[in-house]
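*Asks:* This is a predicted model, with the sequence first.
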Amino acid sequence: MSARDWIGKDFYRELGVSSDATADEIKKAYRKLAKENHPDANAGNTAAENKFKAVSEAYGVLSDPAKRKEYDEARSLFGSGGAGGFGGGFPGGAGGAGGFDMGDIFSQGGAQQGGFGGLGDILGGIFGRGGRGGPAGAAANRPQRGADVETDVRIDFTEAVKGATLPLRLSSPATCSTCGGNGAKPGTSPRTCPTCNGSGLVSRSQGAFAFSEPCRDCRGRGQLIDDPCPECGGEGISTRTRTLTVRIPPGVDDDQRIRLAAQGEPGRGGAQAGDLYVRVHVAPHQLFGRKDLNLTLTVPVDFTELALGTTVTVPTLDGKVSLKVPAGTASGRVLRVRGKGIQKRDGSQGDLMVTLQVAVPAKLDDKARSALEAYAESIKGHDPRPEITELLEGR
C-alpha cells in the first residue's frame, strides 16, 4: 500500500490508541483486537473478518517506524480527514496572476530557493511524485516490502526446555487469490478513473496557487472498480489460512519471539515478504521452576532428616537422582545437581538447583508429641536465636 492510499484512514482509531502511543501500546492494542476478531474464532462473521483486516493493515503501518513517520507526516500536512484542507495554510492572491503547481517548486531546487526540499520529499512520497522531480506515480509503484506479522503459540514447560517442532496454522492478510489483487470480480477489470485520468491526483487552484491532491472519486488509486471481487470486496486483500512448521529451540523463554524470515505479508511490486514473529507462551510446570539456564525444585523434608542426615531422591525432567543431605543441614539450603538444567544448541548448560525446606506437620499424634516434648526438654539452654536475644536484652 502506498502513502497516498493512507489518506482518509485513521489507523490510530482502528487500534483504539492515541497518535502519541508508544510502540508497546500499539502492539498490545493490536494483539488484543487481532485475538478478538481472528477468523479462526469468528467463523462466518464478516464484520469480525473485516475488522481483523483493518487492524492488521493499521498495525502493519504503525509498527514500522519508517512507515509510521511517513503516515504521521501525511496526517500533519493534510489532516486525518483527507487532503482537502491543505490549501488553507497558504493565503490566496499572494503572487499576481497565473497559477503554478507548488509541486514544481518542491521538486526543482526548493532546498536552495526557500528551504522546502524536505517538504518536497514528503509531498512526493504522499502523492507518488519523486521528491527530485520524479514522474507521477513512481513512488506509489516502487517495490515495497511486506508488513511483518505476529502470532502466538503456547507450549508446555518440557517443550520449552527440550525444544519442539510444532505445526502453526496462520490466518493473515494476503493478496486475494480470486482477483489476483486488483480488486475486480474475475472476468472484469478496473477502469481508469475519468476524473484524474489514472494519475490518482487532481489539481485545485486557490488564488495564485495550484495544488495537487488525491482524487476523491478513486481515493488516489487512479482506478475505479465497478464490479468488486466477491472475496475481498474490492480491496485486493483477503485472509488466507496456511500451515507452517515452526521449530522451537531448546531453552526458549516465556514471551520470547522467534523470527521466521519472509513468512509475513507478501511484498508489493516483487519486493520481499515481511517476517513472521512467533511469540512463545510457556505454561508453568507443577514442580519445576526456571532461572536462566538452571531448573529449580523445592523438596520438602522432615526436621529429623536435616538434623541426622539422609539421602533424598528427587525427579529431573528425564529421570531421577539421589542427593546426600549432610547431618546438621539448615532448612533453605540449596543443593546443586550439575548438568541437569537446560541445554541450548550452543552447548551452554545449566544445573538443577534443589532447595531443602522443612515440612512442619499440621497435626501430631500423642506419641509424636511426647517425643518432641522430650526433645525440647533435652535441649533446654540452647538458644537458636542468639543475635536476636542479645538485641532484645540490650547487650
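*Replies:* Received it, and whenever you're ready, just let me know what you need.

*Asks:* Quick one: list the elements packing against the helix or strand harbouring residue 314.
*Replies:* Per DSSP states H and E: residue 314 is located in strand 310-316. Secondary-structure packing of strand 310-316 (3 or more C-beta pairs under 8 Å, 6 or more residues apart in numbering; DSSP states H and E): strand 294-301, strand 319-325, strand 352-358. In short, each C-beta sits where N, CA and C put it, glycine included.

*Asks:* just the helices in this structure please.
*Replies:* 11-15, 23-37, 46-62, 65-78, 102-107, 110-113, 117-127, 138-141, 157-162, 303-308, 366-378, 386-392 (DSSP state H).

*Asks:* Identify whichever of the ones you listed lies nearest to residue 233.
*Replies:* The closest of these to residue 233 is helix 46-62. By C-beta to C-beta, the value is 7.9 Å.

*Asks:* quick one on the thing from earlier: sheet partners, orientation included, of the strand holding residue 314?
*Replies:* According to DSSP bridges, strand 310-316 forms sheet pairs with strand 319-325 (antiparallel).

*Asks:* Next, the angle strand 294-301 makes with the strand it pairs with.
*Replies:* Using axes from the mean of the first three to the mean of the last three C-alpha atoms, to 10 degrees, the inter-axis angle of strand 319-325 relative to strand 294-301 is 60 degrees.

*Asks:* Let me know the average pLDDT across strand 319-325.
*Replies:* The average pLDDT for strand 319-325 rounds to 96.

*Asks:* And for stretch 162-180?
*Replies:* 85.

*Asks:* Report the buried residues of that stretch.
*Replies:* By neighbour count on 16 or more other C-beta atoms under 10 Å, the buried set for stretch 162-180 is 163, 164, 168, 170, 171, 172, 173, 174, 175, 176, 179.

*Asks:* ok, the fourth one - contacts?
*Replies:* Contacts of residue 170 were listed using C-beta atoms under 8 Å, 6 or more residues apart in numbering, and they are 149, 151, 241, 242, 243, 244, 276.

*Asks:* swap in residue 287?
*Replies:* The contact partners of residue 287, by C-beta under 8 Å, 6+ apart, come to 297, 315.

*Asks:* gap between it and residue 246?
*Replies:* Residue 287 sits 27 Å away from residue 246, going by C-beta to C-beta, to the nearest Å.

*Asks:* Give me the buried entries from the contacts of residue 170.
*Replies:* 149, 151, 276.

*Asks:* returning to that earlier point: reformat the helices and strands packed on strand 310-316 as CSV; add distance to residue 67.
*Replies:* Converted to CSV, the helices and strands packed on strand 310-316 look like this (distance: least, C-beta to C-beta, whole Å):
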stretch, distance to residue 67
strand 294-301, 42
strand 319-325, 52
strand 352-358, 46
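
*Asks:* among those, which is nearest residue 232?
*Replies:* Each of the helices and strands packed on strand 310-316 was scored for nearness to residue 232 using C-beta to C-beta, and the closest is strand 294-301 (49.4 Å).

*Asks:* contacting residues around stretch 381-391?
*Replies:* Outside stretch 381-391, not a single residue reaches it (C-beta under 8 Å, 6+ apart).

*Asks:* now the strands for the stretch 151-300 of the chain?
*Replies:* Counting by DSSP state E, counting those that start in this stretch, one finds strands in the stretch 151-300 of the chain at the ranges 164-175, 191-192, 201-206, 209-214, 223-224, 237-248, 257-260, 276-282, 289-291, 294-301.

*Asks:* Tell me what angle the last one forms with strand 352-358.
*Replies:* Interaxial angle of strand 294-301 relative to strand 352-358 (the same axes, to 10 degrees): 20 degrees.

*Asks:* buried ones in strand 294-301?
*Replies:* 294, 295, 296, 297, 299, 301.

*Asks:* List the contacts of it.
*Replies:* Against strand 294-301 from outside (C-beta under 8 Å, 6+ apart): 161, 287-290, 310, 312, 314-317, 325, 331, 340-342, 350-359.

*Asks:* try 6 Å
*Replies:* Outside strand 294-301, the residues that touch it by C-beta atoms under 6 Å, 6 or more residues apart in numbering are 288-289, 314, 341, 350-357, 359.

*Asks:* How about the second one?
*Replies:* With C-beta under 6 Å, 6+ apart as the test, strand 191-192 has contacts from 198, 224.

*Asks:* Tell me the gap between that strand and the middle of its chain.
*Replies:* 38 Å (C-alpha atoms, centre = their mean, to the nearest Å).

*Asks:* Return the list of strands paired to it, each annotated with direction.
*Replies:* Strands that pair with strand 191-192, judged by DSSP bridges, come out as strand 223-224 (antiparallel).

*Asks:* Over to the last one?
*Replies:* Taking DSSP bridges as the criterion, strand 294-301 forms sheet pairs with strand 289-291 (antiparallel), strand 352-358 (parallel).

*Asks:* Show me which positions of the last one end up buried.
*Replies:* Right, strand 352-358. By neighbour count with 16+ other C-beta under 10 Å, strand 352-358 contains the buried residues 352, 353, 354, 356.

*Asks:* what's the answer for the shortest one, then?
*Replies:* For strand 289-291, the buried set under the neighbour-count rule, 16+ other C-beta under 10 Å, comprises residue 290.

*Asks:* and which of the buried ones among the contacts of residue 170 is nearest to residue 198?
*Replies:* Checking the buried ones among the contacts of residue 170 against residue 198 with C-beta to C-beta, the nearest one is residue 149 at 31.9 Å.

*Asks:* List the beta-bridge partners for the closest one.
*Replies:* Residues in beta-bridge contact with residue 149 (DSSP bridges): residue 276.

*Asks:* And the one 4 residues further on, by the same measure?
*Replies:* Partner residues in beta bridges with residue 153: residue 280, with DSSP bridges as the criterion.

*Asks:* How many residues are close by it?
*Replies:* 17 (other C-beta atoms under 10 Å).
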